[in-house]
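K.L.:
sharing a sequence plus its predicted fold:
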Amino acid sequence: MIAVDTSVLVYAHRTDSPSHGPAARSLVQIVERGAPWAIAWPCVHEFLAVVTNHRIFPVPSPSPRALDQVVAWRDAGAHFLAEGAGHFSRLAGLVTAAGISGPKIHDARIAALCLDQGIDELWSVDRDFSRFPGLRVRNPLVPGRRRGS
């Protein structure tokens, strides 16, 4: 199963993004394959916080439109990944192994969710995910590029 990170979701949603076309096509590709795909709940929250933020976008997405986008992804087959009983152990292991702190803990949370849920590949433009062992990462905006193991 492929999981999609916030960066790809934002670019796919925001038509004013220079990366809108490739990001939107990558999501269409996932949906058309008919295979299960996923979004981690923290990515949903971050997506909503980013696209509705007037400090990031001069004309932010109205909250109802952003919420409708999440519903559309759900209706297009997205599974939402949530923490399970063993999540903290996985998270602690990733934080320790990568030697991270501060805002990078958010990325470790997403990585731990993906690894806990058996995600085959995380699609993201964020290079920080390469620091987490065992997480296979692909930037869908750059054909053929994969990071991680």
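P.N.:
Nice, thanks for sending it over. Residues are numbered from 1 along each chain as shown.
K.L.:
got the residue ranges for the helices in this protein?
P.N.:
Under the criterion DSSP state H, the chain contains helices at 6-13, 20-33, 41-51, 63-75, 87-98, 104-116.
K.L.:
single out the most deeply packed of the ones you listed.
P.N.:
By mean neighbour count, with neighbours taken as mean count of other CB atoms under 10 Å, helix 6-13 ranks first of the helices of the chain at a mean of 24. Just so you know, the C-beta spots here come from the backbone N, C-alpha and C atoms, and that holds for glycine as well.
K.L.:
show me what that helix is packed against.
P.N.:
Helix 6-13 sits against helix 20-33, helix 41-51, helix 63-75, with contacts defined as 3 or more CB pairs under 8 Å, 6 or more residues apart in numbering; DSSP states H and E.
K.L.:
can you put the helices of the chain in TSV and add distance to Phe132 and mean pLDDT?
P.N.:
Formatted as TSV, the helices of the chain follow (distance: least, CB to CB, whole Å; pLDDT from 0 to 100):
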stretch	distance to Phe132	mean pLDDT
helix 6-13	16	97
helix 20-33	21	94
helix 41-51	14	98
helix 63-75	24	98
helix 87-98	5	95
helix 104-116	4	96
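K.L.:
can I get these in a markdown table with distance to Ser124?
P.N.:
A markdown table is the format used below for these (distance: least, CB to CB, whole Å):
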| stretch | distance to Ser124 |
| --- | --- |
| helix 6-13 | 6 |
| helix 20-33 | 11 |
| helix 41-51 | 9 |
| helix 63-75 | 16 |
| helix 87-98 | 15 |
| helix 104-116 | 9 |
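K.L.:
what's the closest of those to Asp126?
P.N.:
helix 6-13 (5.4 Å; CB to CB).
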